[in-house]
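1. Turn this into a structure:
(chains A and B)
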Amino acid sequence: MVPARVTALVGKELAELARNKSALLPVLAVALVSMVLPFFIGLAVPRITGDRLSSDADLVQALAKAGEELPGALGLPDESAVQAFVFHRFLTLLLLVPVTGAITFAGHSLVGEKLGRSLEPLLATPITTFELLIGKVIGALIPSLAVMVFTFAIYLTGIGLLAEPGVLGVMITPRTLLLVFGLGPLASLVALQVGVLVSARVNDPRTAQQFGALLILPLTGLFMAQMTGIFVLTTGMMLLLLAGLAVLWGLLLALGVKLFDRETILTRWR
Amino acid sequence: MITASHLTRTFGARVAVEDATFDVKPGEIFGLLGPNGAGKTTTLRMLAGLIAPSSGEATVAGIRLSRETIDQVRARIGFLTEAPGLWDRLTVRQNLMVYARLHQLANPSRIVGQALERFGLQDRGDSLGAELSKGLKQRVALARALLHDPPVVLLDEPTSGLDPQSARLVRDLILDLRRRGHAVVLSTHNLYEAERVADRVGVLRGRFLAVASPADLRQRLFGSRALVRVAGEASGYADVIAACGGRDVLVDGDSLRFALDELTHAMPGIVRALVAAGAAVVEVTTEDAPLEDVYFTLVEGSEPAESEAR
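-> This is a model prediction of the structure:
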């Protein structure tokens, strides 16, 4: 692999995105919803209804079960502890941000090149299939993660400013960081690789996006299971999940290189 | 510089190119002529290493095409594809910079600056691809294909859809490639263009119907034709022409048109015979059949290629 060729392609992807800001809209919309929702539930609803979160028996019970994953919360006053629990659980929803970004950008990746007729001259350069796929994936991963980190920063700032004192402090744990900076990027990578893989085999960005969107389902399921307490993602499980996603990404990348057939793409895209 | 030997490419049961054999030397422009679906683009793609031949072999820029050598070959060719394929949201300079980096050129900014100057695009460097006219896009695409100064240049319909002025500019740039010693393969529908720029042409319809210089093709198909104008009525001299080996003699007022083998050697004898017969010869010229006639004679006289027939 020649890194200079990959960085050339990544730079091109980012420059194109910089001039196509509307492509960011879906991911910004998801970021906004996943950010606003926990504040609405954790802060606005109790103020509107006059019922404190700590008076909800289900939430208190769920917090007691989750004590291991959020130990700092147990030392906080009841209302602060439940708020910390809610904000922490909603972190899973933030994972939708990079995944949505990945789906949006990857869908346009190779199909966009095909539709713009810019793929053939690109394939006539010495760039290898591996470099092309990696360049496309990284070019879409960077903006996806940038939006996620930005969202996470605003999320924490909002908690610091609006939530009960002490909530922010207990939120920042190794587990939180692992979830956001480990699971987020890897889930995004897998979504991207699926998107690029499908994008190389179809002629329509929407088809690629629909395949990529399948990855939203397990994430949504994970979020619901976390919220209802059916399933608690422990640190050990998260490490296992990270390893699984890393292996899956590697397999998808290898499959992409194997399936990416320049001849087929050039001769059957009409 | 390019040697193609019995190149054949099939797509399933369809034969796109059959038994294509030709070579192109440095400083030579080889024109690929043929109707739609004749296999021109497939031939170029095989030479560019984008499509593998089903059989046959090719050597491009001294490297034999194979799965192992494909990246080396791609580094030594410049391929102008049928569509310019610029990235519309990037500026002209950015478009070229990406390719300069993909080719790992040292000092890409300087090389891109030189390319912009060479192709008359200095004041367009900051224009977006989407803002350019088709002619300008084609010039940028040509600049892009030549950034790395490849010894072999493959041009697929380079002037297709361009206005006459832009087409002329592109043709001048192609002629400049010959002067610089590049081996150029040019696919075109434009017979005028082929006649103007190509040293040799290959008339393709699935398989090569002929490969030669335009002049040789004319000679081969129509022989040489001459026109002699005399003072007064020419009809009395038709027999003189025929007696000297002239064929298909046509008389039109003061003019005699006829076909002749070995025109250069035979013409002085004909002029002497006409003068001896009392003709006052006013003008002697050769008449070339246009390449268009050559093309249609070859193409219409051939069976349609399998790719067209289906």
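
2. Show me what the one helix or strand A:Leu217 maps to is packed up against.
-> Assigned by DSSP states H and E, A:Leu217 falls within helix A:216-228. Secondary-structure packing of helix A:216-228 (3 or more C-beta pairs under 8 Å, 6 or more residues apart in numbering or on different chains; DSSP states H and E): helix A:78-89, helix A:91-94, helix A:96-115. Glycine gets a C-beta too; all of them are placed from N, C-alpha and C.

3. by how many degrees do the first one and helix A:216-228 diverge?
-> This means helix A:78-89. Calculated by axes from the mean of the first three to the mean of the last three C-alpha atoms, to 10 degrees, helix A:78-89 forms an angle of 170 degrees with helix A:216-228.

4. who does helix A:78-89 touch, helix- and strand-wise?
-> Where contact means 3+ C-beta pairs under 8 Å, 6+ apart, helix A:78-89 is packed against helix A:57-65, helix A:167-171, helix A:216-228.

5. buried sites along stretch B:3-23?
-> Under the neighbour-count criterion of 16 or more other C-beta atoms under 10 Å in any protein chain shown, stretch B:3-23 has B:Ala4, B:Leu7, B:Thr8, B:Arg9, B:Val15, B:Ala16, B:Val17, B:Glu18, B:Ala20, B:Phe22, B:Asp23 buried.

6. returning to what we had before: TSV for the helices and strands packed on helix A:216-228, including mean pLDDT and mean neighbour count?
-> Output for these, formatted as TSV (pLDDT from 0 to 100; neighbours: other C-beta atoms under 10 Å in any protein chain shown):
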stretch	mean pLDDT	mean neighbour count
helix A:78-89	86	23
helix A:91-94	84	21
helix A:96-115	78	26
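
7. sorry, back to before: mind picking the one among the buried residues of stretch B:3-23 that's closest to B:Ala242?
-> Using C-beta to C-beta, B:Phe22 is the member of the buried residues of stretch B:3-23 that sits closest to B:Ala242, with 39.1 Å.

8. pLDDT wise, what is that closest one at?
-> Per-residue pLDDT puts B:Phe22 at 93.

9. Could you measure from it over to B:Leu7?
-> According to C-beta to C-beta, to the nearest Å, B:Phe22 and B:Leu7 sit 9 Å apart.

10. Would you tell me which residues of chain B are close to chain A?
-> Residues of chain B lying close to chain A (C-beta under 8 Å from any C-beta of the partner chain) are B:11, B:45, B:48-52, B:71-72, B:74-75, B:77, B:79-81, B:83-90, B:94, B:97-99, B:101-104, B:128, B:141, B:144-145.

11. at 6 Å instead, please
-> Contact residues, chain B versus chain A (C-beta under 6 Å from any C-beta of the partner chain): B:48, B:50-51, B:71, B:74-75, B:79, B:81, B:83, B:85, B:87, B:89-90, B:94, B:98, B:101-102, B:104.

12. Just the residues you listed: which are in helices?
-> Counting by DSSP state H, the residues of chain B next to chain A place B:Asp71, B:Arg74, B:Ala75, B:Gln94, B:Val98, B:Arg101, B:Leu102 in helices.

13. hang on, the first one packs against A:Pro126?
-> Think B:Asp71. Yes - the criterion here is C-beta atoms under 6 Å, and B:Asp71 meets it with A:Pro126 at 4.7 Å.

14. neighbour-wise, which of these two wins?
-> Neighbour totals were compared for B:Asp71 and A:Pro126, and A:Pro126 leads with 20 against 14 (other C-beta atoms under 10 Å in any protein chain shown).

15. out of the ones in helices among the residues of chain B next to chain A, who's nearest B:Leu250?
-> B:Arg74 (53.8 Å).

16. Who's the closest spatial neighbour of that closest one, skipping the chain neighbours?
-> A:Pro126 (4.7 Å; C-beta to C-beta, 6 or more residues apart in numbering or on different chains).

17. One more: B:Val17?
-> In this structure, B:Val17 finds its nearest non-sequential neighbour in B:Gly39, 3.9 Å apart by C-beta to C-beta, 6+ apart.

18. Please work out which residue of the stretch 101-250 of chain B is closest to chain A.
-> Per C-beta to the nearest C-beta, B:Arg101 is where the stretch 101-250 of chain B lies closest to chain A, at 3.4 Å.

19. can you count the residues close to that residue?
-> By other C-beta under 10 Å, 21 other residues sit near B:Arg101.

20. Can you check what pLDDT the model gives the closest residue to A:Leu94 other than its chain neighbours?
-> Excluding its sequence neighbours, the residue lying closest to A:Leu94 (C-beta to C-beta, 6+ apart) is A:Ser34, at 5.4 Å. You'll see A:Ser34 listed with a pLDDT of 88.

21. do the same with B:Ser66
-> Looking at B:Ser66, the pLDDT reads 89.

22. So it: helix, strand or coil?
-> coil (DSSP: H, G, I helix; E, B strand; the rest coil).

23. How about B:Val203?
-> Put simply, B:Val203 is strand when judged by three-state DSSP.

24. Kindly provide the distance from the residue of chain B positioned farthest from its centre to B:Ala231.
-> Ranking residues of chain B by C-alpha distance from their mean position (C-alpha atoms, centre = their mean) puts B:Gly278 at the top, at 45.7 Å. To B:Ala231, B:Gly278 is 11 Å away according to C-beta to C-beta.

25. Assign B:Val249 to helix, strand or coil.
-> Quick answer, by three-state DSSP: B:Val249 is strand.

26. Nearest residue to it in space, please, no chain neighbours.
-> Excluding its sequence neighbours, the residue lying closest to B:Val249 (C-beta to C-beta, 6+ apart) is B:Phe258, at 4.4 Å.

27. and that neighbour, what are its phi and psi?
-> B:Phe258 has phi and psi values of phi -160, psi 160 when expressed as degrees, to the nearest 10.

28. Now for it: which residues touch it?
-> Under the criterion of C-beta atoms under 6 Å, 6 or more residues apart in numbering or on different chains, the neighbours of B:Phe258 are B:Ile241, B:Gly246, B:Val249.

29. Is it correct that the last one is in contact with B:Ile241?
-> By that I understand B:Val249. Yes - with contact defined as C-beta under 6 Å, B:Val249 reaches B:Ile241; the gap is 5.0 Å.

30. Mind checking which of those two has more residues around it?
-> Remark: of B:Val249 and B:Ile241, B:Ile241 carries more neighbours, 23 against 18, as counted by other C-beta under 10 Å.

31. A helix includes that one, no?
-> Yes - membership of B:Ile241 in a helix is supported by three-state DSSP.

32. how deep is A:Pro71 tucked in, by neighbour count?
-> 12.

33. Kindly state the pLDDT recorded for it?
-> Predicted confidence (pLDDT) for A:Pro71: 78.

34. Redo the buried residues of stretch B:3-23 as CSV? Include distance to A:Phe40 and secondary structure.
-> What follows is the buried residues of stretch B:3-23, written out as CSV (distance: C-beta to C-beta, whole Å; DSSP: H, G, I helix; E, B strand; the rest coil):
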residue, distance to A:Phe40, secondary structure
B:Ala4, 69, strand
B:Leu7, 67, strand
B:Thr8, 67, strand
B:Arg9, 62, strand
B:Val15, 66, strand
B:Ala16, 61, strand
B:Val17, 65, strand
B:Glu18, 69, strand
B:Ala20, 69, strand
B:Phe22, 72, strand
B:Asp23, 74, strand
